[in-house]
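**Student:** need a 3D model of the sequence below.
(one chain, ligands or ions: 3)
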Amino acid sequence: MHLPDYKEARTRDIRSYKRVNFKLDEKIKGKYKGKKFFIKTYGCQMNEHDSENIEALLSSIGFEKVDSYLEADLVILNTCSIRENAHNKAFGMLGRLKHLKNENRNLIIGLCGCMAQEASVVEEIMRDYKFVNFVFGTHNLYQLPNIIDKAIEENKQQIEVFSREGDLVEGLPVIRATSYKAYVNIIYGCNKFCTYCIVPYTRGRERSRKKEDILQEIDELIKDGYKEITLLGQNVNAYGKDLYEDYTLGNLLEDIAKKDIPRIRFMTSHPWDFTDSMVEVIGKYPNIMPSVHLPVQSGSSRILKLMGRRYSRESYLELFDKIKKMVPNVAISTDIIVGFPGETEEDFLETLDLVNKCKFDNAFTFIFSKREGTPACLLKDEISTEEKEERLQRLNEVVNKYFLENNKKLEGKEVPVLVEGVSDKKKMYFGYSDTNKLINFTSDKNLEAGEIVKVRIKSAKTWSLDGEIVE
Ligand code: SAH
Ligand code: SF4
Ligand code: F3S
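**Tutor:** Numbering: from 1, shown residues only. Ligands and ions are numbered 1, 2, ... in the order given. The predicted model follows:
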């Protein structure tokens, strides 16, 4: 048994991790043939991609995926800790599973993901959710087949959570959600320790994968016909810093862009590590999509300092302008938090002003949520809930106005779209443009998911655009 511990999770660069290749324990290969599993994923793309690995690990020991937890012999919740509501959703689901388990004593239940890294969550599960058969942490994913086997064979709750980063495991099997879009991890963890954020505790220090391993994975995806690759990391711009003297995200992007892959995306970018040479590379290659997610969090330098973001309002705006200038046709999206402890009306107005300057193409807006164990959790939070909700609403009105304004500029234009959804009956399709906008369009031709087509935009809405295929 390994229990999570924040004190350990805070310790960085002390114990070096190993790079190892995954090997399935032959004794349990296919052992659970005929059994069915259901997985529910909360949180970010990192979790979605982890679930693709989990699916493949489960299938290697014989499990088969089903779409409803009511039909499953095994249910796994891949959880997220980023805000309180993500937390509450997972506990709500556990409540439902408790009833199900009362009816079916053989049901196996597992919990993983970022909540598994929280000591208080694991304590609660051990105390009040004894029906949960196993918990495994984000660093223990590769051990899943053996953890399940042990939970079933010993009929005893298993808790396997390493608090310091575990080994960097290559060669994990994967069953991808589609045959045309793929996630590729390039860096794990986060060293930034923004004062509000739980991720550095749940995902460990920054560990880059070797460029050879990444490029090899991409070569295989190209061979398999993938059209779009999204490079993943909590902070992709820090890629390589822990591993190489002079090989950065810019170099990696360039090496990938020279390959025969139509679309490359990357997320998430921290403004702090964004160098000029990275911006140059993004602007230079047409297969690097002109879409940058650049979370600002606040428009007030005072609040940014309290958040530990290590850039100011001015330096953010400078970087923003540079990207706009150097990357043709670029769309920039962002994340914003309102109601950070101590945020005054003036600070908030600075955020609104920054939004009015940047006119973001998309923005994810949040109310500050206290996360236990983070420094901001200890700050005095005197803003009332009503005030925070009111700020969020005012902010949303402004950001939405610019989504529509930016989308309107595309009316009458032709944009490339990667087809995702196909409905043969009405000849209606949807997909995403190069700038990552959702496009609904009609076509007389029969299209396949994964094709890239040209669409003429007829009308713009706030969150999507309507168009028709160009003959
Ligand atoms: N690594 C990314 C962000 C990952 S979390 C980055 O730094 O850019 C995604 C978003 O969740 C963050 O950008 C932030 O806006 C929001 N977030 C993180 N912690 C939060 C908290 N405690 N309360 C509210 N929002 C939070
Ligand atoms: Fe969290 Fe900041 Fe790291 Fe992003 S950069 S994951 S917000 S600590
Ligand atoms: Fe959530 Fe963990 Fe991602 S906290 S946002 S699932 S890294």
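
**Student:** how about the residues of this structure near ligand 3?
**Tutor:** With the criterion set to C-beta under 6 Å from any ligand atom, the chain comes near ligand 3 through 43-44, 46-47, 80-82, 113-114, 198-199, 202-203. C-betas here are computed from N, CA, C, even on glycine.

**Student:** for those residues, give me a markdown table that also has neighbour count and secondary structure.
**Tutor:** Formatted as a markdown table, the residues of the chain next to ligand 3 follow (neighbours: other C-beta atoms under 10 Å; DSSP: H, G, I helix; E, B strand; the rest coil):
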| residue | neighbour count | secondary structure |
| --- | --- | --- |
| 43 | 20 | coil |
| 44 | 18 | coil |
| 46 | 22 | helix |
| 47 | 19 | helix |
| 80 | 22 | coil |
| 81 | 26 | coil |
| 82 | 19 | coil |
| 113 | 28 | strand |
| 114 | 28 | helix |
| 198 | 25 | coil |
| 199 | 23 | helix |
| 202 | 30 | helix |
| 203 | 22 | helix |
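
**Student:** can you list those residues in CSV and add pLDDT?
**Tutor:** Output for those, formatted as CSV (pLDDT from 0 to 100):
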residue, pLDDT
43, 95
44, 95
46, 96
47, 97
80, 97
81, 96
82, 97
113, 97
114, 96
198, 96
199, 95
202, 93
203, 93
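
**Student:** what's the helix or strand for residue 403?
**Tutor:** Residue 403 belongs to helix 385-408 when assigned by DSSP states H and E.

**Student:** how far out from the middle of the chain is that helix?
**Tutor:** 23 Å (C-alpha atoms, centre = their mean, to the nearest Å).

**Student:** between the residues of the chain next to ligand 3, which sits nearest residue 258?
**Tutor:** Using C-beta to C-beta, residue 46 is the member of those that sits closest to residue 258, with 26.4 Å.

**Student:** who's in contact with the closest one?
**Tutor:** Residue 46 makes contact with 185, 203, 232, 234, according to C-beta atoms under 8 Å, 6 or more residues apart in numbering.

**Student:** repeat the analysis, applying 7 Å as the threshold.
**Tutor:** residue 232 (C-beta atoms under 7 Å, 6 or more residues apart in numbering).

**Student:** helices along the stretch 151-300 of the chain, start to end?
**Tutor:** Using DSSP state H, counting those that start in this stretch, the helices of the stretch 151-300 of the chain run over 199-203, 211-223, 249-257, 276-284.

**Student:** with respect to burial, which of the ones you listed scores highest?
**Tutor:** Among the helices of the stretch 151-300 of the chain, ranked by average contacts under mean count of other C-beta atoms under 10 Å, first place goes to helix 199-203 (a mean of 24).

**Student:** do that helix and ligand 2 meet?
**Tutor:** Yes. Counting by C-beta under 6 Å from any ligand atom, ligand 2 is contacted by helix 199-203 at 199, 200.

**Student:** summarise which helices and strands that helix is packed against.
**Tutor:** Secondary-structure packing of helix 199-203 (3 or more C-beta pairs under 7 Å, 6 or more residues apart in numbering; DSSP states H and E): helix 6-10.

**Student:** the helix or strand that the helix it packs on is followed by: how far from the chain's middle?
**Tutor:** Per DSSP H and E, the first helix or strand lying C-terminal to helix 6-10 is strand 19-21. Put simply, strand 19-21 sits 23 Å off its chain's centre (C-alpha atoms, centre = their mean).

**Student:** with stretch 333-348 instead?
**Tutor:** Put simply, stretch 333-348 sits 22 Å off its chain's centre (C-alpha atoms, centre = their mean).

**Student:** how about stretch 182-192?
**Tutor:** So, by C-alpha atoms, centre = their mean, the centroid of stretch 182-192 is 9 Å from its chain's centroid.

**Student:** pLDDT averaged over that stretch - what is it?
**Tutor:** Mean pLDDT, stretch 182-192: 95.

**Student:** quick check: the residue of the stretch 351-471 of the chain nearest ligand 2.
**Tutor:** residue 374 (8.9 Å; C-beta to the nearest ligand atom).

**Student:** got the angle for the helix or strand containing residue 455 vs helix 385-408?
**Tutor:** Using DSSP H and E, residue 455 maps to strand 452-460. Inter-element angle recorded for strand 452-460 and helix 385-408: 110 degrees (by axes from the mean of the first three to the mean of the last three C-alpha atoms, to 10 degrees).

**Student:** contacts for whichever helix or strand comes after strand 452-460?
**Tutor:** Note on strand 452-460: by DSSP H and E, the next helix or strand toward the C-terminus is strand 465-469. If you take C-beta under 7 Å, 6+ apart as the criterion, strand 465-469 is touched by 407, 410, 437, 439-443, 445, 453, 455-459.

**Student:** tell me the mean pLDDT over strand 465-469?
**Tutor:** Across strand 465-469, the average pLDDT comes to 96.

**Student:** thinking again about what came up before, and the strand holding residue 455, what other elements does it pack with?
**Tutor:** Using 3+ C-beta pairs under 7 Å, 6+ apart: strand 452-460 touches helix 385-408, strand 414-423, strand 465-469.

**Student:** start and end of stretch 97-112, how far apart?
**Tutor:** 15 Å (C-alpha to C-alpha, to the nearest Å).

**Student:** of the contacts of strand 465-469, just say which sits nearest to ligand 1.
**Tutor:** Checking the contacts of strand 465-469 one by one against ligand 1 (C-beta to the nearest ligand atom), the nearest turns out to be residue 437, at 20.2 Å.

**Student:** phi, psi of that closest one?
**Tutor:** With angles defined as degrees, to the nearest 10, residue 437 sits at phi -100, psi 140.

**Student:** residue 232 versus that one, what's the distance?
**Tutor:** Look at residue 437 and residue 232: by C-beta to C-beta, to the nearest Å, they are 21 Å apart.

**Student:** same question for residue 438.
**Tutor:** Distance from residue 438 to residue 232, by C-beta to C-beta: 20 Å.

**Student:** ok, which residues in the stretch 151-300 of the chain are in contact with ligand 2?
**Tutor:** 190, 192, 193, 194, 197, 199, 200, 234, 235, 270.

**Student:** and for the fifth one, the neighbour number?
**Tutor:** When you say that, I think you mean residue 197. 22 (other C-beta atoms under 10 Å).
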